[in-house]
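Enquirer: Prediction below, plus the sequence it came from.
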Amino acid sequence: MPSHAEVAPTLAYGLPFAGLLLSIALLPLLRPHWWERHFPWVTAVWALLFALPFAALRGTEEAGRTLLEAVAHEYLPFIVLLLALFVVAGGIRIFGNLIGTPNTNLALLGLGTLGASLLGTTGAAMLLIRPLIRANGDRKHRTHVFVFFIFLVGNIGGSLTPLGDPPLFLGFLRGVDFGWTLGAMAPPMLLSSGLLLALFTLLDRWYWRREPVLPPSHLPRSVGVEGLHNVVFLAVIVGAVLMSGLWHSGRSLPVGLGVSLRYEDAARDLALLAAAGLSYVTTPSRIRIENAFTWVPIREVAILFAGIFITIAPVLGALQAGAAGPFAPLLHLVSRPDGTPAVANYFWLTGALSSVLDNAPTYLVFFDSAGGDPARLMGEHAATLLAISCGAVFMGANTYLGNAPNFMVKSICEEQGIRMPGFFGYLAWSGLILLPLFGLLTLVFFR
């Protein structure tokens, strides 16, 4: 399998990736209706602007192999997992007379934050986003609820176990102990989550008092769950992901152009698709209708991230080239003149790149830059490993593209008529709220 570093010796190949990001950021603001109709074509054009010049300069066989690698090893596992969680969680309906009071919203966000480390950020987000939308259906001021949901459930909540977020799972596969992740990540996770939940409560109470007509908050609450058999399929998804990381068959299936797929990866994807298919056919259609389940959000995410996974390859290649690549000046910042690690720089650089790139390979680049020895990184360099882990997981909340649930939550909310901030509007939210929080984490944990 060729590494990303083989894809592009120059960042010039990365211009289509930058163009796609700018399109996602600007066109929904400048031409919203045009973008809704034509974003698949815009995505395809940027992907071709990378693929065609690359094929012309490196040959059609190498270009085909590179694109097939990206699809088989990166995009398909990503979208199959997202699809499975989307379908299975969409078959679980939490119903009742939940009203989006500040206390109810706090409880749902707190539950999702804790659940994200068990179900993964995507699983927890897909399970709770619809009940949260229904609870706040009658509120005028509600955008902030879903922004904080992305911060907490879609990102920071998934930091206590390797199941929570892909970078931590990769660290687990590299030899980082399950218990080390739980023990080391708990203090920054609890501090961050506690402060964000406290700030959310203050903000939500302030908005609640300004609702034009307050929903009745004194009525007794009754809550029920339908489609509970889908919990079995959620367990299958979690088990399949763990299996693919722990089972090493040593065998692979050829898929063409010299690209092969490990048996364990193929088995995982088949299990995920089976879980999604069985969930869909065994869940009464009434539940999905009452959940306002549609295929629009997953379609949008599948198309946009197909373009991102293709065009991002040369940027990741330049990053993985290390000291020999164009990102060398940045990578030099993580070491002090005496050779000791600059822990704060590890946190901020890992986080900054994870905000716009895939946070899993970004984590591995800095993991290897710190020596790549899990025993030393859990021992004398534990602060460095903590900085890399927190940067990759926490700062995925900085942009809609930083982590898979972010864009999915945005798409589901907009599908249900909730006005979400645009790309730059969300940056304003994360800049005002998260950057000061990350500055505090730096002072407390990463000096």
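Expert: Noted; the coordinates are in hand.

Enquirer: can I have stretch 139-146 written out in CSV, keeping just the CAs?
Expert: Output for stretch 139-146, consisting of C-alpha atoms alone and laid out as CSV, is shown next (Å, rounded to 0.1, in the frame of the first residue of the first chain):
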residue,chain,number,x,y,z
ARG,A,139,-38.3,27.0,21.1
LYS,A,140,-37.4,30.0,19.1
HIS,A,141,-33.8,30.3,20.5
ARG,A,142,-32.3,26.9,20.0
THR,A,143,-29.2,27.1,17.7
HIS,A,144,-26.9,27.2,20.7
VAL,A,145,-28.2,23.9,22.0
PHE,A,146,-27.0,22.1,18.9
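
Enquirer: All further residue positions should be reported with the first residue as 155.
Expert: In the new count, where the first residue is 155, that last one comes out as stretch 293-300.

Enquirer: Can you give me the buried ones in it?
Expert: Of the residues in stretch 293-300, those scored as buried under the neighbour-count criterion (16 or more other CB atoms under 10 Å) are 293, 295-300. In short, each C-beta sits where N, CA and C put it, glycine included.

Enquirer: Filter the residues you listed down to the ones in helices?
Expert: Applying DSSP state H to these, the entries found in helices are 297-300.

Enquirer: Same list (those residues) but as JSON lines, adding pLDDT and distance to Val395.
Expert: Compiled in JSON lines, those are given as follows (pLDDT from 0 to 100; distance: CB to CB, whole Å):
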{"residue": "Thr297", "pLDDT": "95", "distance to Val395": "32"}
{"residue": "His298", "pLDDT": "96", "distance to Val395": "32"}
{"residue": "Val299", "pLDDT": "97", "distance to Val395": "29"}
{"residue": "Phe300", "pLDDT": "97", "distance to Val395": "26"}
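
Enquirer: What residues of the longest helix anywhere in the chain count as buried?
Expert: For the chain, the helix reaching the highest residue count under DSSP H is reported as helix 256-289. Buried residues in helix 256-289, defined by neighbour count with 16+ other CB under 10 Å: 256, 258-260, 262-267, 269-289.

Enquirer: Now the helix or strand hosting Leu484: average pLDDT?
Expert: When elements are defined using DSSP states H and E, Leu484 is found to belong to helix 482-486. Per-residue pLDDT over helix 482-486 has a mean of 76.

Enquirer: for the stretch 205-354 of the chain, what spans make up the strands?
Expert: For the stretch 205-354 of the chain, the strands defined by DSSP state E, counting those that start in this stretch cover 247-250.

Enquirer: which residues are in contact with the helix holding Leu484?
Expert: Contact with helix 482-486 is made by 476-477, 503, 519, 523, as judged by CB atoms under 8 Å, 6 or more residues apart in numbering.

Enquirer: any chance of those in TSV, with neighbour count too?
Expert: Formatted as TSV, those follow (neighbours: other CB atoms under 10 Å):
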residue	neighbour count
Gly476	14
Ala477	10
Leu503	23
Val519	22
Ser523	20
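
Enquirer: Where does Ser414 fall, secondary structure wise?
Expert: Secondary-structure element containing Ser414, defined by DSSP H and E: strand 413-416.

Enquirer: Tell me which strands that strand pairs with, and in which orientation.
Expert: Within its sheet, and counting by DSSP bridges, strand 413-416 is paired with strand 406-410 (antiparallel).

Enquirer: Give me the below-cutoff pLDDT ranges for the chain.
Expert: 155-165, 368-376, 476 (pLDDT under 70).

Enquirer: residue nearest the centroid of it?
Expert: Asn557 (2.1 Å; CA atoms, centre = their mean).

Enquirer: wait, doesn't that one sit right on Ile310?
Expert: No. With contact defined as CB atoms under 8 Å, Asn557 does not reach Ile310; the gap is 10.1 Å.

Enquirer: between the two, what contacts are shared?
Expert: Overlap between the contact sets of Asn557 and Ile310, as judged by CB under 8 Å, 6+ apart, is given by Ala551.

Enquirer: Out of the buried residues of stretch 293-300, which comes closest to Gly593?
Expert: Using CB to CB, His298 comes nearest to Gly593 of these, at 21.3 Å.

Enquirer: correct me, but the closest one touches Trp360?
Expert: No. Contact criterion CB under 8 Å: His298 and Trp360 do not qualify, at 9.5 Å.

Enquirer: Find out how far stretch 557-567 is from the centre of the chain, if you would.
Expert: Centroid separation between stretch 557-567 and its chain, computed with CA atoms, centre = their mean, to the nearest Å, is 9 Å.

Enquirer: contact partners of that stretch?
Expert: For stretch 557-567, the surrounding residues in contact (CB under 8 Å, 6+ apart) are 232, 236, 240, 275-276, 279-280, 283-284, 287, 300, 303-304, 307-309, 319, 450-452, 454-455, 458-459, 513, 550-551, 553-555, 574, 580.

Enquirer: Please produce a ChimeraX select command covering the buried subset of those.
Expert: Buried members of those, identified by 16+ other CB under 10 Å, are gathered into one ChimeraX selection as follows:
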select :232,236,240,275,276,279,280,283,284,287,300,303,304,307,308,309,319,451,452,454,455,458,459,513,550,551,553,554,555,574,580
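
Enquirer: Remind me what the longest helix of the chain packs against, helices and strands.
Expert: In terms of contacts (3 or more CB pairs under 8 Å, 6 or more residues apart in numbering; DSSP states H and E), helix 256-289 is packed against helix 230-243, strand 247-250, helix 297-306, helix 332-362, helix 384-400, helix 558-569.

Enquirer: Would you format the ones you listed as JSON lines with distance to Leu206 included?
Expert: Conversion of the helices and strands packed on helix 256-289 to JSON lines gives the following (distance: least, CB to CB, whole Å):
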{"stretch": "helix 230-243", "distance to Leu206": "22"}
{"stretch": "strand 247-250", "distance to Leu206": "46"}
{"stretch": "helix 297-306", "distance to Leu206": "35"}
{"stretch": "helix 332-362", "distance to Leu206": "42"}
{"stretch": "helix 384-400", "distance to Leu206": "33"}
{"stretch": "helix 558-569", "distance to Leu206": "26"}
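
Enquirer: Leu180 is nearest to which of these?
Expert: In terms of CB to CB, the element of those nearest to Leu180 is helix 558-569, at 15.9 Å.

Enquirer: This completes my enquiry, with thanks.
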